[in-house]
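In: Okay, here's the prediction I keep looking at, along with the sequence it came from:
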Amino acid sequence: MLRIRTEEKYHDFFYELKGAFNAQFRQQCPNTTNIIESYNSHLQARLKSVKGFQGFHSAERWLNAWMIRRRTKSFTDCEEPFKHLNGKCPLEVALKKDVEFPEILGIKRKAQ
């Protein structure tokens, strides 16, 4: 008897929670992992050219610099449906409209 009451009490909560992880019910949520796989393969290709690091600290600095460059370098050859991203950097696209573009190492948003 107690089990039935508990299930009834939390039915809506668990139903909503189940839908939170289902990409089919989320608009603009990719249904494949192509984007992250592309990101991972790009990082692996860059790391192949690196012969090695002197230590953990130098590897951490390299990765931080790579991330800053990756986030601030403009897209150049996006094809449909992402063609509208050409000329914009990932950080610029990710920012909300009312948030100012941060100055990172002197990099500023281009005048639009």
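Out: Yep, that arrived.
In: contacts for stretch 72-83?
Out: If you take C-beta atoms under 8 Å, 6 or more residues apart in numbering as the criterion, stretch 72-83 is touched by 84-91, 104, 107. Quick note: C-beta positions are derived from backbone N, CA and C, even for glycine.
In: Now do Lys88: how many residues are near it, please.
Out: The number of residues packed near Lys88 is 16, by other C-beta atoms under 10 Å.
In: Phi first, then psi, for it.
Out: Lys88 has phi and psi values of phi -110, psi 150 when expressed as degrees, to the nearest 10.
In: That one and Ala65, how far apart?
Out: Distance check for Lys88 against Ala65: by C-beta to C-beta, to the nearest Å, it reads 21 Å.
In: Same check on His84?
Out: Using C-beta to C-beta, one gets 28 Å for the distance from His84 to Ala65.
In: In contact with Ser41: list those residues for me.
Out: So Ser41 contacts nothing (C-beta under 8 Å, 6+ apart).
In: and it, what element?
Out: In the assignment (DSSP states H and E), Ser41 maps to helix 34-48.
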